[in-house]
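S.K.: Mind folding the following:
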Amino acid sequence: MKTSKNPVILFIAKTYLLSISMFFVFRLLLFFLEFDRLTFANNTLLNIFKAFIMGLRFDIVISGYILFLPILLILTEYILGKKSNLLHRILFYWIFLLFTIAFVVSAADIPYFHQFFSRFSVGAFEWIDSPKFVFNMLIEEPTYALFTLPFMVIDIIFYKLLKRIFRLLDTNFKSKLFLPARIGLSLTILALIFLGIRGRIQKKSPIRVGTAYFCQDPFLNQLGLNPTFTLMRSYLDSLDEHNQEVRLMDEREAIKNVQSYLHIKNPSKNYPILRKISPDTISNKRPNVVIIIMESMSAAKMKRHGNKDDLTPFLDSLSYKSLYFDHIYSAGEHTFNGIFSTLFSFPALYRQHTMKQIHQYSGISKTLKKLGYSTTYFTTHDAQFDNVSGFLHANHFDNIVSQADYPEKEVKTTLGVPDDYMFRFAIPYINDLQNKNKPFFVTFMTTSDHGPFYIPPYFKPKNNKIRQKIVEYADWSLKQFITNASKQSWFDSTIFVFIADHGAAINVQYPISLNYHHTPLLFYAPKWIKPSLRNNIGGQIDVFPTIMGLLKKPYINNTLGIDLLHEKRPFTIINGDDKQGVLDRDFLFVLQKNNRKLFKYNSSDRNNYINKYKNKAKEMETYLKSNLQTYQYLLKHNLTGTE
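M.R.: Here you go, the predicted structure:
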């Protein structure tokens, strides 16, 4: 019998190394088989290396899930100084069986990726009701069956090497270390395994599918993923009631209604809401575009909308120098709703977290990138939160600037750096973008008006309450950015867009707080846009088409948004998680399960007029259900992008 100074440590290290090595072989096989998908650029070799390092992280996550219980039991033996050969045999087959399943998934992932350009997920089992069809498909395409060979070879090698590693546990478990030292060492090992499972040390978010999206190459962004991870994640997401598909009405009827709302007379065969937009006058100029999504900036915080606390002197002043829309509403209640709907022009679907499911969208980033723009997103905190970084990288954003890019000393809270620092940091960054001789599209997401609140000592607010002081600071930060930007060479050729991610629950009167959704919308460009006021109703989903209307460029609109300068919508839709609202300039319709209410919100009337204005209520309800069902249809069939 061989002896070892610490057989348990060797066992854990070698088992991890073995499992990661096996996953590496599958990833290497996928890389070489899909090599022609690489879009070669200046830093492709570096990105290939990063993709494999990313793969190591995801492989450690899956290995940790499989090995945690066996290692916990073996460490318990180590602490007690006793061992059980029966337990070791059980643990051997536990580890072998679970890794075999993971290897089956890894092998199946290769042809699955080749077919769908997506890592293995619960969607692969949609054929479960049609096994005959799948069998015939395999017979007709025998290359699919070839991937059983690498699985069998890898699994046999894994079995033999795992057997050899388990022989380490045949040694004497009695250790020279005292009991407290053995306990401390065991707890340290378990903590490291837990950290490996979490995948990240950042507090705001563990490792996500979106973590793997780090560059502009769509193949390398997915190469780092472990297919067992994507399968587990997609399965858990499918169980979440928040992600359940909406079934509000017949899909065909919904699509037909939406085509009528959008005045689509000759719909595309494959993309039912796609419109090819060509302005009457096409401009050859390409002004820069900067969107500032303001955290919690309800229109109710502005003086021009009745607030008497002078919280937003700069935003108020700027609104009179801009193209200003005073009846604009956010799509949902959450920041991810605001980011998503503003940039990609689709509504919120109850509690569905659309950004955690990576789909391709033909939003503003893709459209402007086709026109030669660079695309950059700034946030103050961890970019992995809400899967923002991964989702935006997958949807044509070149650069994501976040907490990891700022000096550590400037990070003040969980929300990262204060707003004004993000804006100061951005000025030289944007100057570099400008120096590349191409127009830029930049999006900012501010966060200071969200707890935990932090006000830098150099800012002196007028009000005494923290929620008022923080709004003052957020407004002042906007002023600092525009003041600094006005000194730059790119200022005169830039369109600035200001909109909130959502508002705040101020003076709530109805089941859905209108002030939580009512947002200012400003288009500011002294050299491009004449100040004016528009009072047609709209939403965040209309920002992208309206920008394109200002740019006077032909483009493809495959969204539910419209150009507010040249089109009008009858209603706009707002989402309250478990309820949905529809409103025009006078009425608010609220649907919560089977409960329907209709209010005259324009006169602050709290009476329910659902029975008095039945036709109006029916019209609004049909509009709501048609739009949501159409969007769900597009999601289900991957039709949110374009060819």
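
S.K.: residues of the longest helix belonging to the chain that come out buried?
M.R.: Under DSSP state H, the helix in the chain containing the largest number of residues is helix 44-80. Buried residues in helix 44-80, counted by 16 or more other Cβ atoms under 10 Å: 47-48, 50-52, 54-55, 57-67, 70-71, 73-75, 77-79. The C-beta positions use only the backbone N, C-alpha and C, and glycine is treated the same way.

S.K.: swap in stretch 297-306?
M.R.: 297-305.

S.K.: quick one, strands of the stretch 151-300 of the chain?
M.R.: Assigned by DSSP state E, counting those that start in this stretch, the stretch 151-300 of the chain shows strands spanning 275-277, 288-294.

S.K.: Pick the most deeply packed of these.
M.R.: strand 288-294 (a mean of 25; mean count of other Cβ atoms under 10 Å).

S.K.: Check what contacts the following helix or strand past that one and list those residues.
M.R.: Following strand 288-294 in sequence order, the next helix or strand is helix 313-319 (DSSP states H and E). Helix 313-319 is contacted from outside by 297, 302-304, 475-476, 478-479, 482, 498, 520, 522, 524, using Cβ atoms under 8 Å, 6 or more residues apart in numbering.

S.K.: For helix 313-319, what is the distance to the chain centroid?
M.R.: Relative to the centre of its chain, helix 313-319 is centred 31 Å away, using Cα atoms, centre = their mean, to the nearest Å.

S.K.: Now do the contacts for the most centrally placed residue in the chain.
M.R.: The residue lying closest to the centre of the chain (Cα atoms, centre = their mean) is Met355, at 3.2 Å. With contacts defined as Cβ under 8 Å, 6+ apart, Met355 is in contact with 210, 336, 339-340, 386-388, 391.

S.K.: Next: Asp326.
M.R.: Counted by Cβ under 8 Å, 6+ apart, Asp326 has contacts 299, 304-305, 520, 533-535.

S.K.: if you set the cut-off to 10 Å instead, what comes out?
M.R.: 299, 302, 304-305, 319, 518, 520-521, 533-537 (Cβ atoms under 10 Å, 6 or more residues apart in numbering).

S.K.: for Phe40, same thing?
M.R.: Asp217.

S.K.: how close does it sit to His114?
M.R.: 20 Å (Cβ to Cβ, to the nearest Å).

S.K.: and if you look at Leu274?
M.R.: 27 Å.

S.K.: Could you check which of those two is surrounded by more residues?
M.R.: Shown here are Leu274 and His114; by other Cβ atoms under 10 Å, Leu274 has more neighbours (19 against 15).

S.K.: Report pLDDT for the more buried one.
M.R.: Looking at Leu274, its pLDDT is 96.

S.K.: Adjust the sequence numbering to begin at 45 for everything that follows.
M.R.: Noted, 45 is the first residue going forward, which turns the last one into Leu318.

S.K.: From the recorded domain assignment, give the ranges for this protein.
M.R.: 51-283, 327-612 (automatic domain parsing).

S.K.: now, of those domains, which is deepest in the fold?
M.R.: domain 327-612 (a mean of 20).

S.K.: Show the average pLDDT along it.
M.R.: 95.

S.K.: chain center to that domain: distance?
M.R.: The answer for domain 327-612 is 16 Å, by Cα atoms, centre = their mean.

S.K.: Tell me the span between the first and last residue of it.
M.R.: 23 Å (Cα to Cα, to the nearest Å).

S.K.: what's the answer for stretch 342-349, then?
M.R.: 10 Å.

S.K.: which phi and psi does His494 have?
M.R.: Main-chain dihedrals, His494, degrees, to the nearest 10: phi -150, psi 130.
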